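Asks: Attaching a predicted model along with its sequence, questions to come.
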Amino acid sequence: MDAFTSFFDSQTSSRNRWASESLKNFRQISPVVQNHLKLVYLTLCCALIASAAGAYLHILWNIGGIITALSCMGCMVWLLCTPTYQEKKRVSLLMAAGLFEGATIGPLIELAIEINPSVLISAFGGTALAFGCFSAAAMLARRREYLYLGGLLSSGLSMLMWLHFAASIFGGSAALFKFELYFGLLIFVGYMVVDTQEMIEKAHHGDLDYVKHALTLFTDFVAVFVRILIIMLKNSAERNERKKKRRD
């Protein structure tokens, strides 16, 4: 009984110590940086709403394709080349990029609605949950703790691009596609943590460009969402095929 009590006390003290350390780490974020984070996540939410509007416009008028993808890239480059004092213009460019990005992934979203609308909701909910959890982990961790992962993630991303390039030339297999899908998901989930810590670190050094930081997190969110949606659609299609075979 005494051993059980001492074990319980040690576990309770360790949890309290972890909580206090986490709160101390969160207090390292100054009020200026906290206000910056609020602006970043508010702008990110607006960009996601614009992206949803773009997907809806594709469903109505079938506008998604190469043109919207190039338009999205053009808006992003234009935003990065625009001076920071032109705040309204940069926010408008971010919203336009979100709109075109939503239209670009509109065919995938339309396919998900046709197959199983609940998959779309689950994919978005899972992405939002993962984004919130990993962003919170990056905020509560020690400063610059995860920045070392940036080099590993960049190497993984370049490897992923070379695999995709090779598959487009020599042809790919189902196993290679599955590897690219899951490996890409792992990379962009890692980028959620690294980009969040890098954003906080830059803000501590005076870089309060919330539009650029929101753009970075927006690309991470969309990359993770697309991969989770494809994985869930693939699993749903495989379950439907198994059900048909059982009926036959």
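Replies: Thanks, I have it.

Asks: ok, Lys89 to Pro83 distance?
Replies: 9 Å (C-beta to C-beta, to the nearest Å). No exception for glycine: its C-beta is placed from N, CA and C like everyone else's.

Asks: quick one: which of the two has more around it?
Replies: Lys89 (14 against 8; other C-beta atoms under 10 Å).

Asks: pLDDT wise, what is that one at?
Replies: Lys89 is assigned 97 on the pLDDT scale.

Asks: Contacts only, for it.
Replies: Taking C-beta atoms under 8 Å, 6 or more residues apart in numbering, we find Lys89 in contact with Thr82.

Asks: Could you look up the SS state of it?
Replies: Of the three states, Lys89 takes helix under DSSP: H, G, I helix; E, B strand; the rest coil.

Asks: The residue nearest to Leu149 when sequence neighbours are not counted: helix or strand, and which one exactly?
Replies: In space, and not counting its chain neighbours, Leu149 is closest to Val194: 5.3 Å by C-beta to C-beta, 6 or more residues apart in numbering. Element membership for Val194, per DSSP states H and E: helix 174-204.

Asks: in that helix, what counts as buried?
Replies: 180-181, 183-185, 187-200, 202-204 (16 or more other C-beta atoms under 10 Å).

Asks: tilt between the helix or strand following it and helix 174-204?
Replies: As assigned by DSSP H and E, the chain's next helix or strand after helix 174-204 is helix 210-247. Helix 210-247 and helix 174-204 are oriented at 160 degrees to each other (axes from the mean of the first three to the mean of the last three C-alpha atoms, to 10 degrees).

Asks: Please work out the average pLDDT along helix 210-247.
Replies: 91.

Asks: packing partners for it?
Replies: helix 31-61, helix 66-81, helix 87-104, helix 106-115, helix 117-140, helix 174-204 (3 or more C-beta pairs under 8 Å, 6 or more residues apart in numbering; DSSP states H and E).

Asks: contacting residues around the nearest residue in space to Leu44 that is not next to it in sequence?
Replies: With C-beta to C-beta, 6+ apart as the criterion, Leu44 has its nearest non-adjacent residue at 4.6 Å, and that residue is Ala214. Applying C-beta under 8 Å, 6+ apart to Ala214 gives the contacts Leu39, Val40, Tyr41, Thr43, Leu44, Ala47, Leu94.

Asks: and the gap between Ala214 and Ala141?
Replies: For Ala214, the distance to Ala141 (C-beta to C-beta) stands at 21 Å.

Asks: What's the per-residue pLDDT of Asp2 here?
Replies: 43.

Asks: Next one: the residue nearest to Leu149 relative to Gly150, how far apart?
Replies: 5 Å.

Asks: Please report how far Ser122 lies from Ile113.
Replies: 13 Å.

Asks: Please identify which of these two sits among more neighbours.
Replies: When neighbours are counted by other C-beta under 10 Å, Ser122 and Ile113 differ, and Ser122 comes out ahead with 16 against 13.

Asks: For the more buried one, which non-adjacent residue is spatially closest?
Replies: Met232 (6.3 Å).

Asks: I'd say that neighbour and Gly125 touch.
Replies: No: using C-beta atoms under 8 Å, Met232 is not in contact with Gly125, being 10.9 Å away.
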